[in-house]
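> sequence below, structure please.
(one chain, ligands or ions: 2)
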Amino acid sequence: MKIAFVGKGGSGKTTLSALFSRFVASEGFPTLAIDADINQHLGHALGVPGGSASLPPMGIEIKRIKEYLRGTNPLLTPESMIKTTPPGRGSNLIKLQEENALFKYFARDIDGVKLMAVGPFSEEDLGVSCYHSKTGSVELVLNHLKDTESEYVIVDMTAGADSFSSGLFTRFDVTILVVEPTLKSTSVYEQYSHYAKEHGVSIKAVGNKVEGDEDRRFLEKQLGMDLIAVLSTSPFVKRLDKGEILPFSKFEDTNRVTLRKIKQVIDQHTKDWRRFYQQAVEFHLKNARSWANAASGKDLTTQVDPKFDPNVLAM
Ligand SMILES: Nc1ncnc2c1ncn2[C@@H]1O[C@H](COP(=O)(O)OP(=O)(O)O)[C@@H](O)[C@H]1O
Ligand SMILES: [Mg+2]
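Ligands and ions are numbered 1, 2, ... in the order given. Next up, the predicted model:
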């Protein structure tokens, strides 16, 4: 299952991505966490010494990713691949539990969570539709990732226009918007969900830093049925913020219930690989025609392999 945590800066995307990753990993499920937020804090939140900055940056080393994913696909060269280039026959598809050159180079394991990080990016990197889009590295990996319904891929993302300039925001089985009980936060929710739902994206909201009934009622009123769970202010998270390194077993039970609820909602989702692949192709053709053909001087619509069977993604 591919899951995105999005929301306003400071709402708790990184906190929830880390807690949810630790939760599913602690229950024994294969887990991959990807740090794609502008502030690369997921590594720290997971307790990786040196944080995400200690990992090789996927965004800067995107060429290495393209080279690997291309495999022997005769329609592609690593140079001609863009962030939306879909897999075809000969492409290397990725399984979460395999050893491959990509994980070997980019990933670190921490208490059962495999972590990868986009690495440093600046404000100018946001919203760019070009070869150098840093989050393009994540989009490429997700488009080639054959995760099953009992494996969890968690991406800590921004809610900004960056994800809308590509197909990235459609690459998830479930997108979780983290919302604080404030109007600013719920308005980000409205903007994001309005746009995302037009593309058939499944959006759920999780309230965060909720203190008492008033906060909860406010969120229920603003978000209605989309609100699936709320996390209260967590003493465990506050201790992490002060630099303590704590095992996940110390996480409070009241908030653990919230993580379990999020997992239940995700588990109700059925994967639709055909649609997943078709949308990848749709965004690729759109990118090719709107900028990438002109930028490369080539017709990148020919990168789509008409004989590729999307069912191989499900196997
Ligand atoms: N439920 C919570 N309880 C206590 N502190 C929290 C909680 N959620 C987030 N925080 C704190 O709020 C700050 C912002 O959270 P963070 O996850 O970094 O937000 P984002 O990734 O959305 O920018 C951090 O200091 C984090 O530790
Ligand atoms: Mg963050």
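> tell me where this protein has strands.
2-7, 31-36, 108-110, 113-117, 152-157, 174-179, 203-210, 227-232 (DSSP state E).
> deepest in the core, which of those is it.
Counting by mean count of other C-beta atoms under 10 Å, strand 31-36 has the highest mean neighbour count of these, with a mean of 28. Using the backbone N, CA and C atoms, a C-beta is placed for each residue, glycine as well.
> got the residues of the stretch 101-250 of the chain near ligand 1?
208-209, 231, 233-234, 237-238, 241 (C-beta under 6 Å from any ligand atom).
> and those, which is closest to Met116?
Val237 (22.7 Å; C-beta to C-beta).
> skipping adjacent residues, who's closest to that closest one in space?
Thr15 (5.7 Å; C-beta to C-beta, 6 or more residues apart in numbering).
> same deal with Asp109?
Nearest one to Asp109, counting by C-beta to C-beta, 6+ apart, is Leu115 at 7.6 Å.
> could you do Thr186 as well?
Gln222 (4.3 Å).
> show the pLDDT at whichever residue of the stretch 101-250 of the chain sits closest to ligand 2.
The stretch 101-250 of the chain approaches ligand 2 most closely through Asp156 (6.0 Å), counting by C-beta to the ion. Here, the pLDDT recorded for Asp156 equals 96.
> contacting residues for the nearest residue to it once chain neighbours are set aside?
Closest residue in space to Asp156, ignoring its immediate chain neighbours: Ser17 at 3.9 Å, by C-beta to C-beta, 6+ apart. By C-beta atoms under 8 Å, 6 or more residues apart in numbering, Ser17 lies in contact with 5, 33, 42, 45, 154-156.
> tally of neighbours for the residue nearest to Arg274 when sequence neighbours are not counted?
The spatial neighbour of Arg274 that comes closest, neighbours along the chain excluded (C-beta to C-beta, 6+ apart), is Pro310 at 5.1 Å. Pro310 has 17 neighbouring residues, counting by other C-beta atoms under 10 Å.
> Pro310 reaches Lys271, doesn't it?
No - between Pro310 and Lys271 there is no contact under C-beta atoms under 8 Å: 11.2 Å.
> Thr77 and Val6, how far apart?
Computed as C-beta to C-beta, to the nearest Å, the Thr77 to Val6 distance reads 33 Å.
> do Leu145 as well
19 Å.
> cool, and Gly297?
35 Å.
> also Ile245?
Taking C-beta to C-beta, one finds Ile245 at 27 Å from Val6.
> Leu246 now?
The separation that Leu246 has from Val6, given C-beta to C-beta, amounts to 26 Å.
> and if you look at Ile82?
Distance from Ile82 to Val6, by C-beta to C-beta: 23 Å.
> restrict stretch 197-209 to CA atoms and write it as CSV.
The C-alpha trace of stretch 197-209 is given here as CSV (Å, rounded to 0.1, in the frame of the first residue of the first chain):
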residue,chain,number,x,y,z
LYS,A,197,-10.7,14.4,-5.7
GLU,A,198,-11.0,15.7,-9.3
HIS,A,199,-8.4,13.1,-10.1
GLY,A,200,-10.0,10.3,-8.2
VAL,A,201,-7.5,10.4,-5.3
SER,A,202,-8.7,8.8,-2.1
ILE,A,203,-8.3,11.4,0.6
LYS,A,204,-8.7,10.9,4.4
ALA,A,205,-8.0,13.4,7.2
VAL,A,206,-6.4,12.8,10.5
GLY,A,207,-6.6,15.5,13.2
ASN,A,208,-3.4,16.2,15.0
LYS,A,209,-2.6,18.0,18.3
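> what does that stretch contact?
Contacts for stretch 197-209 (C-beta under 8 Å, 6+ apart): 11-12, 15-16, 169-170, 172-181, 189, 192-193, 196, 215-216, 219, 223, 226-233, 258, 262, 265, 269, 275, 279.
> beta partners for Lys114?
Beta-bridge partners recorded for Lys114 (DSSP bridges): Leu32, Asp109.
> got the contact list for it?
Per C-beta under 8 Å, 6+ apart, neighbours of Lys114: 30-33, 96, 103, 107-108.
> and these as TSV, adding pLDDT?
Formatted as TSV, the contacts of Lys114 follow (pLDDT from 0 to 100):
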residue	pLDDT
Pro30	98
Thr31	98
Leu32	98
Ala33	98
Leu96	97
Phe103	98
Ala107	98
Arg108	97
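> and those, which is closest to Gly71?
Phe103 (15.4 Å).
> what number of residues lie near the closest one?
By other C-beta under 10 Å, 18 other residues sit near Phe103.
> how about the one 3 residues further on?
Here the neighbour count serves as a burial measure; for Phe106 (other C-beta under 10 Å) it reads 23.
> now do Leu300
23.
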